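*Asks:* Next comes the sequence, and after it the predicted model I'd like to discuss.
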Amino acid sequence: MYSTSESSEPIESQSGQLLAAANLSRLLADVFWEPLLLDASSLGHLRQAASSLGPNFLQAVLVAEREQEGQSVQELRLLYAKLFLGPFELMAAPYASVYLEGDEAFSGNTRDYLMDLYGRGGFRLPAKAGDLPDHLAVELEFVYLMLARYLQFGDEAALGLAQEMAEHMASWLPQWQRTLVLIPQAKYYYPFGDLALSLPPALLAALSASGAWESNPAGAGRS
């Protein structure tokens, strides 16, 4: 079984847009797992990945770098809690089922679908996710690990699962991002939200351009 501890560093040994998408997925997962100010090394990796994916990605990274200036960890912890943790209301809940299932969030078809997808990928939920498989960071971790397995070992089945997750993410991230940008105090997270929103279509476009799309029909999405 694969877990999120399988590989925690950006992949250095490959090139191209799939590599950039993998590294961006990993870095964004870090951002959405916990209140985090990126260090110089992480910002460098983020900038490198964004440069390979297109000017809109790079622009978002430059905005993120500016937003970090003068931001304290304590302020970020409070902001993160208000947006993503509660305890009473999540202002920008980072859970797919909230946007796909409404009143049945956390217990409906989205959870079952994702647990099946993770099982097919040999992916264990990290302990900090509890029993909530639809957190944005978990989905990003899954994309990272599936792309890593393809880039490092040529595992085409893993690539198909990354494609399937990208299609799932594209079904709910637009609504989440629209929610996020309507919260004035969430400005720090605006560029990271833009990056997360842009990642699935960029990954799907890279798969199509590489010819991998046709060879991986597993990415047919939810049934």
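*Replies:* In hand now; what should we look at?

*Asks:* Stretch 81-94: which residues count as buried?
*Replies:* 82, 83, 84, 90, 91, 92, 93, 94 (16 or more other CB atoms under 10 Å). In short, each C-beta sits where N, CA and C put it, glycine included.

*Asks:* Now do it, average pLDDT.
*Replies:* Average pLDDT, stretch 81-94: 89.

*Asks:* what's the distance between it and the middle of its chain?
*Replies:* 18 Å (CA atoms, centre = their mean, to the nearest Å).

*Asks:* ends of it, how far apart?
*Replies:* 12 Å (CA to CA, to the nearest Å).

*Asks:* Could you measure from the most centrally placed residue in the chain over to residue 71?
*Replies:* With distances taken as CA atoms, centre = their mean, the residue of the chain nearest its centroid is residue 140 (3.0 Å). Taken as CB to CB, to the nearest Å, the spacing of residue 140 relative to residue 71 amounts to 22 Å.

*Asks:* go on, residue 201?
*Replies:* 29 Å.

*Asks:* Next: residue 199.
*Replies:* 23 Å.

*Asks:* again with residue 47
*Replies:* 18 Å.

*Asks:* repeat for residue 122
*Replies:* Look at residue 122 and residue 71: by CB to CB, they are 37 Å apart.

*Asks:* How about residue 123?
*Replies:* Note on residue 123: its distance to residue 71, by CB to CB, is 32 Å.

*Asks:* can you list the weak-confidence ranges in this structure?
*Replies:* By pLDDT under 70, the low-scoring segments of the chain are 1-15, 211-223.

*Asks:* so where do the strands sit in it?
*Replies:* Along the chain, counting by DSSP state E, no stretch forms strands.

*Asks:* By residue count, which helix of it is the longest?
*Replies:* For the chain, the longest helix by residue count, based on DSSP state H, is helix 190-210.

*Asks:* Okay, buried residues for it please.
*Replies:* Residues of helix 190-210 classed as buried under the neighbour-count rule (16+ other CB under 10 Å) are 190-200, 202-207.

*Asks:* For it, enumerate the helices and strands it packs against.
*Replies:* helix 17-33, helix 40-53, helix 55-68, helix 136-153, helix 156-170, helix 173-181 (3 or more CB pairs under 8 Å, 6 or more residues apart in numbering; DSSP states H and E).

*Asks:* For residue 113, which of those helices is the nearest?
*Replies:* helix 156-170 (7.5 Å; CB to CB).

*Asks:* For the closest one, output the C-alpha coordinates as CSV.
*Replies:* Extracted in CSV, the C-alpha atoms of helix 156-170 (Å, rounded to 0.1, in the frame of the first residue of the first chain):
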residue,chain,number,x,y,z
GLU,A,156,0.4,3.7,-16.7
ALA,A,157,-2.4,2.5,-14.4
ALA,A,158,-1.3,5.1,-11.9
LEU,A,159,-1.4,7.7,-14.6
GLY,A,160,-5.0,6.8,-15.4
LEU,A,161,-5.9,7.2,-11.8
ALA,A,162,-4.3,10.6,-11.7
GLN,A,163,-6.4,11.5,-14.7
GLU,A,164,-9.5,10.3,-13.0
MET,A,165,-8.8,12.3,-9.9
ALA,A,166,-8.2,15.4,-12.0
GLU,A,167,-11.6,15.0,-13.6
HIS,A,168,-13.2,14.7,-10.2
MET,A,169,-11.4,17.8,-8.9
ALA,A,170,-12.5,19.8,-11.9
